[in-house]
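# the following block contains a protein sequence and its predicted model.
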Amino acid sequence: MGKKPLMVLTLFTFVLFDFCCYSVKRVRPEQVVGKNVDVRRIIKHSGELLEFPKETPARITDNKIVTPKSIVIPLSEVEALWIKKFDLVKTALLVVGVAGTSFIGLILAILSSGAAD
């Protein structure tokens with residue numbers, strides 16, 4: 001296998017991993033109390049929407065959200081929040097898909113090299 005196809009396959013796999021293995025989900029504040037999660041966005045009861053960068057998400061500590069700028073927001077003021085969550089089903093499908101595609105590619109490479117002889 002040449003270097004370019006291998007590079008493209010590797011890049012494609014990493015892009016799929018980024019899109020499939022993690023997703024941002026909307027949850028209620030009581031679902032995340034005491035959990036160590038990255039908070040990407042919140043909506044307060046007042047209707048105010050706060051978004052946080054992917055590189056520096058807010059964190060939950062006790063019953064408070066601490067933003068990257070060290071602003072503390074009590075969970076009691078939050079109506080909904082979006083958290084970055086590991087998605088097991090999508091990850092499993094990705095692994096099976098990449099493994100299956102690699103196996104089929106290997107079989108086709110073996111068959112094509114045998115047919116050329």
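Received the coordinates, thanks. Because the structure is a prediction, the values reported are computed rather than measured. Residues are numbered from 1 along each chain as shown.

# give me the contacts around stretch 69-82.
With contacts defined as CB atoms under 8 Å, 6 or more residues apart in numbering, stretch 69-82 is touched by 24-30, 32-33, 39-46, 50, 58, 60, 63-67. Where C-beta positions appear, they are placed from N, C-alpha and C, glycine not excepted.

# and that stretch, how far apart are its ends?
Stretch 69-82 has an end-to-end distance of 18 Å (CA to CA, to the nearest Å).

# how about the strands in the protein?
Assigned by DSSP state E, the strands in the chain fall at 22-27, 38-44, 49-51, 58-61, 64-66, 72-74, 78-86.

# that older thread, tell me the buried residues within the contacts of stretch 69-82.
Among those, the ones that count as buried by 16 or more other CB atoms under 10 Å are 29, 32, 39-42, 50, 58, 60, 64-65, 67.

# identify the bridge partners of Glu51.
Counting by DSSP bridges, Glu51 forms beta bridges with Arg41.

# pretty sure it is touching Arg40, no?
Yes - look at Glu51 against Arg40 with CB atoms under 8 Å: they come within range, at 7.0 Å.
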